[in-house]
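> Provided below for reference: sequence and predicted model.
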Amino acid sequence: MPKLCDIQQAFAEAIVEGTCQTATAAMAADGSALRSLALYRRLIRNNFVQVLRITYPALHRLVDDNYFGVLARGYIKKYPSTSGDLFLYGRHLPAWLQRIEASPLLVELARLEWACHEVYQAADSVPFPPDRFQAMASADPSRVTIQFHQTVRFLACSLPVHRVWQALQPDATPDVAISLPLPEEQTGLIVVRSCGAVQVIPLAWLEYRLLEALSQGASVASIEQQVREAEAGVDFTRLMTTLLQAQVIAGISLKEGV
């Protein structure tokens, strides 16, 4: 009589790999379990394909249902679920698309959609009171650093993929046309949730690099210095206003000394 752990292992391999002989032999010696196991495997795979459709709706609309199904089934075979929490399932899809050498547009769109998925599911965060911004304005900028909400995502993209993402939203204006292929253009994106909806805010590349430095603990003074030295004009006040309006700032800190 097979051990329970051996039956469970054979069953898992049958669901993922489709090798049903060992599992069916362990479940019923006459092979009558083959049809039931095949049906269960098909239902499980369809459920995971549906999970990926929900997680990556824009990607699904872009490539059509048939091709998305091919991508999803390949992903499911490479990355079978290891948890009952379906929220995390699908997080490796951008890396997997890159591994199979899918087009950069599909890779970047998947990266953006996973960030949207995380932000949408994240717990609510407390907005930063605008009046506290005065504390930063009156302090020595070399001592001031800015903290961002953990639920906010910053993305550096090689394509302006947000244009495609916006065009593929259910409420997008139908007459908005996007020319493909997209031009290679370094673009920074902020992904944030506001009033229950996910927003994607594009930034010029230099603005994004400044924002990235702020998120890594650079002082406001060092950012202002970079702005002054930059060849392209950057309106630092406007950038900070954009961050406040998007409610991505969690707080400010003053370094000791200096």
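Nice, I can see it.

> show me where the stretch 101-250 of the chain has strands.
Ranges of strands within the stretch 101-250 of the chain are 144-148, 153-157, 187-194, 197-203, 249-254, based on DSSP state E, counting those that start in this stretch.

> Among these, which comes closest to Gln166?
Nearest to Gln166 among the strands of the stretch 101-250 of the chain is strand 197-203 (7.1 Å), distances taken as CB to CB. Just so you know, the C-beta spots here come from the backbone N, C-alpha and C atoms, and that holds for glycine as well.

> just to revisit the earlier point, any chance of TSV for the strands of the stretch 101-250 of the chain, columns mean neighbour count and distance to Ser219?
Listed next are the strands of the stretch 101-250 of the chain as TSV, based on neighbours: other CB atoms under 10 Å; distance: least, CB to CB, whole Å:
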stretch	mean neighbour count	distance to Ser219
strand 144-148	19	6
strand 153-157	19	18
strand 187-194	21	20
strand 197-203	16	20
strand 249-254	16	10
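
> need those strands in JSON lines with mean pLDDT and distance to Trp165, can you?
Below are these laid out as JSON lines (pLDDT from 0 to 100; distance: least, CB to CB, whole Å):
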{"stretch": "strand 144-148", "mean pLDDT": "85", "distance to Trp165": "21"}
{"stretch": "strand 153-157", "mean pLDDT": "94", "distance to Trp165": "10"}
{"stretch": "strand 187-194", "mean pLDDT": "92", "distance to Trp165": "9"}
{"stretch": "strand 197-203", "mean pLDDT": "92", "distance to Trp165": "6"}
{"stretch": "strand 249-254", "mean pLDDT": "81", "distance to Trp165": "24"}
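
> okay if I get these as TSV plus distance to Ser222?
Below are the strands of the stretch 101-250 of the chain laid out as TSV (distance: least, CB to CB, whole Å):
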stretch	distance to Ser222
strand 144-148	10
strand 153-157	18
strand 187-194	18
strand 197-203	18
strand 249-254	14
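
> Out of the ones you listed, which gets nearest to Arg41?
strand 197-203 (33.8 Å).

> Show me what that closest one packs onto, helices and strands only.
Counting contacts by 3 or more CB pairs under 8 Å, 6 or more residues apart in numbering; DSSP states H and E, strand 197-203 packs against helix 104-121, helix 162-167, strand 187-194, helix 236-246.

> how about 7 Å then?
helix 104-121, helix 162-167, strand 187-194 (3 or more CB pairs under 7 Å, 6 or more residues apart in numbering; DSSP states H and E).

> Next, the angle from the longest one to strand 187-194.
Between helix 104-121 and strand 187-194, the angle formed by their directions is 30 degrees, by axes from the mean of the first three to the mean of the last three CA atoms, to 10 degrees.

> Please identify the buried residues of helix 104-121?
Within helix 104-121, the residues that count as buried by 16 or more other CB atoms under 10 Å are 104-119.

> and what of the shortest one?
Of the residues in helix 162-167, those with enough neighbours to count as buried (16+ other CB under 10 Å) are 162-165, 167.

> Tell me how far Ile249 lies from Glu212.
Per CB to CB, to the nearest Å, Ile249 is found 15 Å from Glu212.

> How is this protein partitioned into domains?
Listed by automatic domain parsing, the domain ranges of the chain are 4-89, 130-254.

> Taking helix 104-121 as reference, get the angle to whatever helix or strand Lys77 lives in.
When elements are assigned from DSSP states H and E, Lys77 belongs to helix 65-78. Counting by the same axes, to 10 degrees, helix 65-78 lies at 70 degrees to helix 104-121.

> Any chance you could list what contacts helix 65-78?
16, 45, 48-49, 52-53, 59-60, 93, 96 (CB atoms under 7 Å, 6 or more residues apart in numbering).
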